[in-house]
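could you look at this predicted model? Sequence included:
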Amino acid sequence: MTARDTARRIRVAITGIGVKCPAGTTLAEAHGTVLAAKSTASVVGHLVEADLPVPFACLVPPFDEEAYVTRREARQIDRATTLALCAAADAVSEAALPADLSRDRVGVQIGTGIGGLPSMEKAALDHGDRPIDMPVHTVPRSMSNAPASRIAMRYGFRGPCSTYSTACASGTTAIGEAARRIRTGELDAAVAGGVDAAVTKVIMGGFARMRALSTRTDAPHLASRPFDAERDGFVMGEGAAMVVLEPWDVAVARGARVYGEVSGFAENCDAFHIVAPHEDGTVAAACMRRAIADAGLRPADIVHVNAHGTSTLLNDRAEAIAVDRCFAGSPPPLTAVKGVTGHLIGGSGAVEAVLALACASAGAVPPVANTTKSPEAHLVDLVTGAPRPVPVGPVLSNSFGFGGHNACLVLTPPN
């Protein structure tokens, strides 16, 4: 795409942000925790009771859920839908969309990797020996599209209501696809984001059997260490982030607060392995370059990179190689917030996108928690120890998921 093409299309503004993640339940709180590189991993009671080999994870800190969800509604929805609704409520409230905006032209685009599997797991474990006694809300609670549909129902948004499941890239995919619908004029506004809440016995047991999780049980707070020489797996987390998107000119004209712009988006697939990344990084690098080009920018324009950075040996290595390829050996400063939040699966891309934008707007790249010495240091400019000042400018946020799903966003602070 040429700069002229970019100038002609509709710019996409972010006018509302809601966050419910281990680092905090507001954007400001989460941003502060990430800048401090403070790990949120801790031992989880029900995982200990299940005698799992990995009994720790990163959970959303307690907040007043009843301020968002009625007790009746809470009985009908699962944890992921609750987090999605709460984050969406904050985003929609902040955006303060005009009352006369046609609800037929407001869409909801949500990503989730695990979906309602935790609810199905609980129903099967509690009632598997007598299925006729399954709770009446078992199916609605288990549907992957429940977060999107519940958000649409709450606000009467009657535009396209879609659910994207591209594993760990789901939240990034949802935001990117929503931005495309704004760009083309199909929608006047959209709620978009990602969510997952997969800290359950079966899911944690499954990932442990794959040897994907860190086994640093003696020090959970040190377990998630993206790109570090002693990394041994990821730490599971839960969380959601939602944004409200609308045309830039419309947002400015009505005096809305503009957090920034979804400037570029791209996605592709390694088509290589169901869980392992393509080790030479060529496909992921192509995804990054396409997102940057979609924003009408050059790699040299990117101020910093928010890496997917799972804290697994193969994924971090492949991403470092891909970043080196994309930036032709001259990468901008790179961080990875999973050292703080753990891996939120389908929620990770959305949470990391809004945190990346907050960091880009503040002109400070947060250090990677728990990371001191990296075998990839010759490939990427890893930020460690303390936040690094950078010019205010565009940030590239990466998400790479099981199945080879790659998705990248370029987010630009307001100017």
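Received it, and whenever you're ready, just let me know what you need.

beta partners of Ala241?
When bridges are called by DSSP bridges, Ala241 pairs up with Val19, Gly194.

residue contacts, it?
By C-beta atoms under 8 Å, 6 or more residues apart in numbering, the residues touching Ala241 are 17-21, 87, 171, 193-194, 347, 350-351, 353-354. Backbone N, C-alpha and C define where each C-beta goes, glycine included.

and the residue positioned nearest the centre of the chain, how far from Arg158?
Closest residue to the average C-alpha location of the chain: Gly349 at 2.2 Å, with C-alpha atoms, centre = their mean. Gly349 sits 26 Å away from Arg158, going by C-beta to C-beta, to the nearest Å.

which residues of the stretch 1-150 of the chain score low on pLDDT?
For the stretch 1-150 of the chain, the stretches with pLDDT under 70 are 1-8.

can you show me the helices along it?
In the stretch 1-150 of the chain, the segments counted as helices under DSSP state H, counting those that start in this stretch are 3-8, 27-35, 45-49, 71-76, 79-95, 117-127, 138-142, 146-155.

packed most tightly, which of those helices would that be?
The highest average neighbour count among those, using mean count of other C-beta atoms under 10 Å, belongs to helix 79-95 at a mean of 25.

dump the helices of the stretch 1-150 of the chain to JSON lines, plus distance to Pro414.
Formatted as JSON lines, the helices of the stretch 1-150 of the chain follow (distance: least, C-beta to C-beta, whole Å):
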{"stretch": "helix 3-8", "distance to Pro414": "17"}
{"stretch": "helix 27-35", "distance to Pro414": "15"}
{"stretch": "helix 45-49", "distance to Pro414": "42"}
{"stretch": "helix 71-76", "distance to Pro414": "35"}
{"stretch": "helix 79-95", "distance to Pro414": "15"}
{"stretch": "helix 117-127", "distance to Pro414": "38"}
{"stretch": "helix 138-142", "distance to Pro414": "39"}
{"stretch": "helix 146-155", "distance to Pro414": "25"}
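
for Leu222, find the nearest of these.
Among the helices of the stretch 1-150 of the chain, helix 27-35 comes nearest to Leu222, with 16.2 Å by C-beta to C-beta.

packing partners for the closest one?
For helix 27-35, the contact count by 3 or more C-beta pairs under 8 Å, 6 or more residues apart in numbering; DSSP states H and E identifies strand 12-20, helix 338-341, helix 348-362 as packing neighbours.

go through these and pick out the most buried.
helix 338-341 (a mean of 30).

closest one to Ala336 among the helices of the stretch 1-150 of the chain?
helix 27-35 (10.2 Å).

just want the angle from that closest one to helix 348-362.
If you take axes from the mean of the first three to the mean of the last three C-alpha atoms, to 10 degrees, helix 27-35 sits at 90 degrees to helix 348-362.

list the contacts for the residue lying closest to His137 once chain neighbours are set aside?
When the adjacent residues along the chain are set aside, His137 lies closest to Gln76, with 5.0 Å between them (C-beta to C-beta, 6 or more residues apart in numbering). Neighbour list for Gln76: 137, 140-141 [criterion: C-beta under 8 Å, 6+ apart].
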